[in-house]
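# Got a sequence here, can you model it:
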Amino acid sequence: MRMLLGAALLVAVAGCSKGGSASKPPEAPLVGGLGKRIVSGPVTDLRLSKDGAWATILHNPKRPAVEGVSPRMALGELGLVPLGGGAVRFVGQGVSNRPGSVLYSPDSKWLFFVEGYNAANDSGTLRTLSLTPGAEPELRGKAVSFVTVSPVGDAFAFVDAGVLRVARLEAGSTARNVATDVSTAQFTPDGKWLVVQRRAAAGGGVLLSPVEGVRAPVRLGENVRDWSIAPDGRRVALALTHPKNPDLSELSVAMVPEGKVTAVGPVVTLAAGRARAFAFSADGAWLGYVERGKGGGSTGNLIVGAVGGRGAVIAERVGQFWFAPDSKAVASLANYDEKRNWGRLVYATLPEGKPIVLGARVSTTLWSEDNRFLAFNLNVFQPLPSVDLWLYARGKPEGNRIMTNVYGYDFAPGGTLLFRAECTRHSSNPPEARACNLETLDPTQPDAHPVPILEGIYGYHSSADGNRVLFTYARTDSETFDVGLYDLKTQVRKTIEERIVLPALFADPAGTRVVFLVSQGDRSGLYVYDQPR
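You can find the predicted model right below:
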């Protein structure tokens, strides 16, 4: 409360110092009030380009006039906003807030959007727009249900009336038909190949097709439940439905570009909402999978081995697993309890490290980007029920408990551990902590202790350089939030605005520009806050 009142006082003093405003009627004091409104009126679905130069929003959103759609679905006028200054353009009508309706190219030079969205058949008109002065949207397809962009930014693919088409990412390019009865597709990391998933009604097959040239697609498998492309793009793992028992899955690995398929073995079929039962390591050298046991179910032995080999058993009755970012270790939840979503955390170095048990009843884990640490939540019942945060330093025999009752944690860029603890307010629907202390810990310092830096926050997000934290307070009088900024170096915090809708986003690596939406009557709109340097 002291912080909020202090921010309001600063705003009032700043307003008095400007002068020349005697003709304007006085406004009510406002907590924050530091953002500049760029777009007025009801808005939703804020999205930023990767370079932070552009934002899109849906203006005047409305529910589609179709029964059975999600209550959160909205259609609106698509606004394109240059965050560095310039005129706002409204480039599309009837654009949806569903995932994939609005996309940027990886280099932030192109915008893709589906307008005139028809919720009844889940499709609309695809247009591309070059983000250069004077460019106009270009029609690409009239019944588009899926869009994807090459990771290298030189091509894009889309499903138009069930037909997958691919085109160069340039003005006036002509799309080429790839396959029919397609649901989704994905480019390989080098952008040279497309892995194509056909509709279940057409057999649910997966194909491999070149982006350039006229070579016909190669069939990798039929009745494919799930698939994943290796990070190096050289292989595709596929979980195929067993031909004699639809409750079982068989794992195979296909080579790219040859299309040669090798059977690996049976894998578990996981329940909806769980991570897939197989995964490649970040370097593509290892393949891990949960082997289906004789008793069935959605747990089994975790097998990890060099791609193409049998591999070794790491742990038993595994429900989830994660490779380290450097591909030199793997963590898994063994003896997994499906009802409580927890298990015994087993850590093993690769290729032949002895597994280490780090804790029982572990529910979540997270590797640090520098590969040095593994954080995890551990559930305890004595002396009191608690969800504790633990930290394991790789190479050590065991982990260390950091704090009790932690709800959410993350490694900021640079390695600092941030987490929410000592929560004082919770909600029941959905069940979540609404007001917690934000604490920080430097895991590289011997015998380091958590340091509280903010009180009563709801959520937080670090800037790309790791120096600032964007945080929100959950209000009690509405389903909105107050947003603020905290500088980890100077320890200065300020409230930027009140009554925003999530998310609030950084638009630059240094965290000096913040973009957010306000939902409060006449104040509603898209706002930008630029911190003075």
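
# going forward, measure contacts and count neighbours with C-alpha atoms only.
OK.

# In this protein, which residue is most central in space?
Nearest residue to the geometric centre of the chain (CA atoms, centre = their mean): residue 99, 11.2 Å.

# in this protein, which spans are helices?
2-18 (DSSP state H).

# Residues in contact with the lengthiest strand in it: which ones?
If you go by DSSP state E, the chain has its longest strand at strand 493-506. For strand 493-506, contacts defined as CA atoms under 8 Å, 6 or more residues apart in numbering pick out 3-4, 7, 31-35, 46, 52, 463, 470, 475, 479-487, 512-520, 529.

# Let's see it as CSV, backbone CA atoms only.
What follows is strand 493-506, C-alpha atoms only, in CSV (Å, rounded to 0.1, in the frame of the first residue of the first chain):
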residue,chain,number,x,y,z
ARG,A,493,10.1,-0.3,-7.9
LYS,A,494,7.2,1.6,-9.4
THR,A,495,3.6,0.9,-10.2
ILE,A,496,3.0,1.6,-13.9
GLU,A,497,-0.8,1.2,-14.3
GLU,A,498,-3.9,-0.2,-12.7
ARG,A,499,-6.7,-2.4,-14.0
ILE,A,500,-4.9,-4.1,-16.8
VAL,A,501,-5.7,-7.4,-18.4
LEU,A,502,-3.0,-10.0,-18.7
PRO,A,503,-0.5,-10.3,-20.2
ALA,A,504,1.8,-7.3,-19.7
LEU,A,505,4.9,-7.7,-21.9
PHE,A,506,8.5,-6.3,-22.2
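
# Tell me the strands beside it, with direction?
If you go by DSSP bridges, strand 493-506 pairs up with strand 481-487 (antiparallel), strand 513-518 (antiparallel).

# hang on, residue 250 packs against residue 239?
Yes - counting by CA atoms under 8 Å, residue 250 touches residue 239, with 5.4 Å between them.

# joint contacts of the two?
residue 267.

# The two: which has the busier surroundings?
residue 239 (28 against 21; other CA atoms under 10 Å).

# show me what contacts that one?
224-227, 249-252, 267.

# Out of those residues, which sit inside strands?
Counted as lying in strands by DSSP E, out of these, are 224-227, 249-252, 267.

# Most neighbours among these, please name it.
For the ones in strands among the contacts of residue 239, counting by other CA under 10 Å, the largest number of neighbours falls to residue 267: 28 neighbours.

# dump the residue contacts of it.
Here residue 267 is in contact with 239, 248-251, 277-278, 289-292 (CA under 8 Å, 6+ apart).

# swap the cut-off to 10 Å and go again
With contact set as CA atoms under 10 Å, 6 or more residues apart in numbering, residue 267 has these partners: 239-240, 248-252, 276-278, 289-293, 296, 298-303.

# Buried only: go through those residues for me.
239-240, 248-252, 276-278, 289-293, 298-303 (16 or more other CA atoms under 10 Å).

# Which of these fall within strands?
239-240, 249-252, 278, 289-292, 300-303.

# For the stretch 1-150 of the chain, just list every one of the strands.
36-40, 43-48, 54-62, 75-82, 89-96, 102-104, 110-118, 123-130, 138-149 (DSSP state E, counting those that start in this stretch).

# Please convert these to JSON lines, extending it with distance to residue 459 and mean pLDDT.
Converted to JSON lines, those look like this (distance: least, CA to CA, whole Å; pLDDT from 0 to 100):
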{"stretch": "strand 36-40", "distance to residue 459": "22", "mean pLDDT": "94"}
{"stretch": "strand 43-48", "distance to residue 459": "17", "mean pLDDT": "96"}
{"stretch": "strand 54-62", "distance to residue 459": "22", "mean pLDDT": "97"}
{"stretch": "strand 75-82", "distance to residue 459": "26", "mean pLDDT": "97"}
{"stretch": "strand 89-96", "distance to residue 459": "26", "mean pLDDT": "96"}
{"stretch": "strand 102-104", "distance to residue 459": "25", "mean pLDDT": "97"}
{"stretch": "strand 110-118", "distance to residue 459": "29", "mean pLDDT": "97"}
{"stretch": "strand 123-130", "distance to residue 459": "34", "mean pLDDT": "97"}
{"stretch": "strand 138-149", "distance to residue 459": "30", "mean pLDDT": "97"}
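
# Quick one: closest of these to residue 374.
For those, the distance to residue 374 is smallest for strand 43-48, at 30.2 Å, taking CA to CA.

# counting contacts, what elements does the closest one pack onto?
In terms of contacts (3 or more CA pairs under 10 Å, 6 or more residues apart in numbering; DSSP states H and E), strand 43-48 is packed against strand 54-62, strand 75-82, strand 102-104, strand 493-506, strand 513-518, strand 525-530.

# Try it again at 8 Å.
Under the contact definition 3 or more CA pairs under 8 Å, 6 or more residues apart in numbering; DSSP states H and E, strand 43-48 sits against strand 54-62, strand 513-518.

# if we can go back for a sec, could you dump the strands paired with strand 493-506 into TSV and include distance to residue 216?
Below are the strands paired with strand 493-506 laid out as TSV (distance: least, CA to CA, whole Å):
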stretch	distance to residue 216
strand 481-487	52
strand 513-518	45
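
# now the ones you listed in CSV, with mean pLDDT?
Below are the strands paired with strand 493-506 laid out as CSV (pLDDT from 0 to 100):
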stretch, mean pLDDT
strand 481-487, 95
strand 513-518, 96
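
# Output these in a markdown table, with mean neighbour count and distance to residue 131 appended to each entry.
Shown next, in a markdown table, are those (neighbours: other CA atoms under 10 Å; distance: least, CA to CA, whole Å):
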| stretch | mean neighbour count | distance to residue 131 |
| --- | --- | --- |
| strand 481-487 | 23 | 30 |
| strand 513-518 | 24 | 19 |
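
# And those: which comes nearest residue 106?
Using CA to CA, the nearest of the strands paired with strand 493-506 to residue 106 is strand 513-518, at 19.8 Å.

# Which residues outside the closest one are in contact with it?
Contacts for strand 513-518 (CA under 8 Å, 6+ apart): 43-44, 46, 498-507, 524-531.

# Appreciated, that's everything.
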